[in-house]
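Asker: This is a predicted model, with the sequence first.
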Amino acid sequence: MNTLQILEICVYELVDIIPNLILALLPFKNSFRFSKVTLIFCTFILYILLTLSRILAVNNPSIAATLTVLWIVLYLGFYIISVKSQISKLLFVLLTILNYTSFIVIIFSHFAHYRFFTITSHPYSLTASITLVFMYMISYPVIYKMMQRMQLLITFPENNKYWKFLWMIPATFCLSYYYNLYANGGIILFSAKLSNVLFAIFFNLGALFATYLIMYFLQEINTNLELKAENYQLSMQFLQYENLKERIEDARRAKHDLRQNLAVIQSFVQSNDQKRLLNYLKNYMAAVPADSPLLYCENPAINALIVYYADLAQKHEIPFEAGIDYPSVIILSDADAVVLLGNLLENAVEACIHQRTKEKFVCLRIKKLQGMLIITLDNSYSGNICKEGEEFISSKNGQKGIGTASIKKIVSKYNGILKFDYENNLFHASVMLQLSQKGGLL
């Protein structure tokens, strides 16, 4: 192999790797482990390794199948090193792109070797590279748009459990592709028959359709989860409205009954019946409308949530304290904030309700501090806290707590820090989320 042939292989490999790397990195553009400079360096190393293996395959055609497996391993290794994400998600994207690339190479080989011109003796010539570019130009917009759409689905944390199995679908297509290719003597011989090319076209359409169905399925799940969160938020606002109506009615009744109550109190005073007076005052104070605040913060969804749990705590005679400094502009969505705080408050109030000792309390603090949004929640509890690994076990059904898992997912979604501490019947939950200079969550 002379120098010109090596240079032609370098050009061919560059034409082949660039569009596929763009597709591979597009869904994870916000999850890179390194800076762009380091990522470019890693890409260059990958390019060198793939080029060397391509040269080796030209000199030793018998090991082409083995080198194909090596290419997949190199791509996956590059992925794991460069992108911070589930391996199952990386595999799904990688295998989807490999299916697409195999399809392009089959079509390219058919036309380049058997229709327009023959390059069998010179498979990586400049003409071959130009032809490959043309093939990518025709089909690239469709797969690029699909990978763009996949970015939203991959970054949605609630889908993580599905990705553990979804990667097997493109893996099945990929194995079928390579089995048919190398069982028929390799890509060039396989693409010689028009029937094989037509099979590759329909096979690839099937793979794309399966990928589309997966994306549609995940999008439906995302939409349902978002609607569920919005419904939860609306239900909290409705509860605040009902609570406000109830308080207004309680205040109206209290005002109406005040004269009668004063008359009864006066009669006890005149008769010097201190015991009955104290007992009557105790019952009267218990019937006085709730005096907890109606406004904790300006955000209506967060305020409705806190008011609801403050009233619930008061009904169970649990002291409830809240100091809220919630930013007016924040990227953390109201739906996520309601789920996060709702699960924290629900766990805290329920722990106090089931507490056997008398010293009950719930204390919530939300404030901005040195570019961070700090959420702390302290509550008393009694009994034992059970854990399985890093997961808390629910006292309701003995299963892993769903509420705690939801809290962790939302904190992870916004790259925050979550910590739970418990000791001496005191449970402390703290969440730290970084704020931008403009006050929005990063």
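Answerer: Looks like it came in fine.

Asker: hey, where'd the strands end up in the stretch 301-442 of the chain?
Answerer: Counting by DSSP state E, counting those that start in this stretch, the stretch 301-442 of the chain has strands at residues 320-324, 362-369, 372-380, 387-388, 391-392, 417-423, 426-434.

Asker: Run through who's touching stretch 409-422.
Answerer: Here stretch 409-422 makes contact (Cβ atoms under 8 Å, 6 or more residues apart in numbering) with 157-158, 331-332, 336, 339-340, 381, 385, 392, 407-408, 427-434, 441-442. Yep, even glycine has a C-beta here, placed from its N, CA and C like the rest.

Asker: And those residues, which of them are buried?
Answerer: 158, 332, 336, 339-340, 381, 392, 407-408, 427, 429, 431, 433, 441 (16 or more other Cβ atoms under 10 Å).

Asker: ok, so of those residues, who is nearest Met146?
Answerer: Nearest to Met146 among the buried ones among the contacts of stretch 409-422: Glu158, at 21.1 Å, using Cβ to Cβ.

Asker: Could you measure from the nearest residue to Asn347 once chain neighbours are set aside over to Val338?
Answerer: Setting aside the residues directly before and after it, Asn347 is nearest to Gly403 in space (Cβ to Cβ, 6 or more residues apart in numbering), at 5.8 Å. Applying Cβ to Cβ, to the nearest Å, the value for Gly403 to Val338 is 13 Å.

Asker: The two: which is more packed in?
Answerer: Val338 (23 against 16; other Cβ atoms under 10 Å).

Asker: quick one, which of the strands of the stretch 301-442 of the chain is nearest to Asn2?
Answerer: strand 426-434 (56.2 Å).

Asker: Quick check: pLDDT value at the closest residue in space to Val197 that isn't next to it in sequence.
Answerer: Among residues not flanking Val197 along the chain, His110 sits closest, at 4.8 Å (Cβ to Cβ, 6+ apart). Predicted confidence (pLDDT) for His110: 81.

Asker: In contact with His110, which residues are there?
Answerer: Going by Cβ under 8 Å, 6+ apart, His110 touches 191-192, 194, 197.

Asker: Tabulate these in a markdown table, adding columns for pLDDT.
Answerer: Conversion of those to a markdown table gives the following (pLDDT from 0 to 100):
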| residue | pLDDT |
| --- | --- |
| Ser191 | 82 |
| Ala192 | 80 |
| Leu194 | 84 |
| Val197 | 85 |
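
Asker: for those, which one is nearest Ile138?
Answerer: The nearest one, if we look at those relative to Ile138 and count by Cβ to Cβ, is Val197, at 14.8 Å.

Asker: Give me the below-cutoff pLDDT ranges for the stretch 1-150 of the chain.
Answerer: Applying pLDDT under 70 to the stretch 1-150 of the chain flags the ranges 1, 61, 64-65, 115-122.

Asker: could you pull out the helices for the stretch 201-350 of the chain?
Answerer: Secondary structure of the stretch 201-350 of the chain by DSSP state H, counting those that start in this stretch: the helices cover 274-287, 300-315, 334-353.

Asker: Any stretches of the stretch 301-442 of the chain with poor pLDDT?
Answerer: Using pLDDT under 70, the stretch 301-442 of the chain drops low at 387-391, 393-402, 435-442.

Asker: Could you spell out which stretches of the chain belong to which domain?
Answerer: Domain ranges of the chain: 3-228, 292-442, per automatic domain parsing.

Asker: To Gln266, which of those lies closest?
Answerer: With Cβ to Cβ as the measure, domain 292-442 is the member of these nearest Gln266 (29.0 Å).

Asker: just how off-centre is the closest one within its chain?
Answerer: 20 Å (Cα atoms, centre = their mean, to the nearest Å).

Asker: quick one: the residue nearest to Asn347 and Asp311, what's the gap?
Answerer: Gly403 is 20 Å from Asp311, by Cβ to Cβ.

Asker: same check, this time on Asp273
Answerer: 34 Å.

Asker: Which of these two has more residues huddled nearby?
Answerer: Asp311 (18 against 13).

Asker: excluding its backbone neighbours, what's nearest Phe361?
Answerer: Leaving aside its sequence neighbours, Phe361 sits nearest to Pro319 (Cβ to Cβ, 6+ apart; 4.6 Å).
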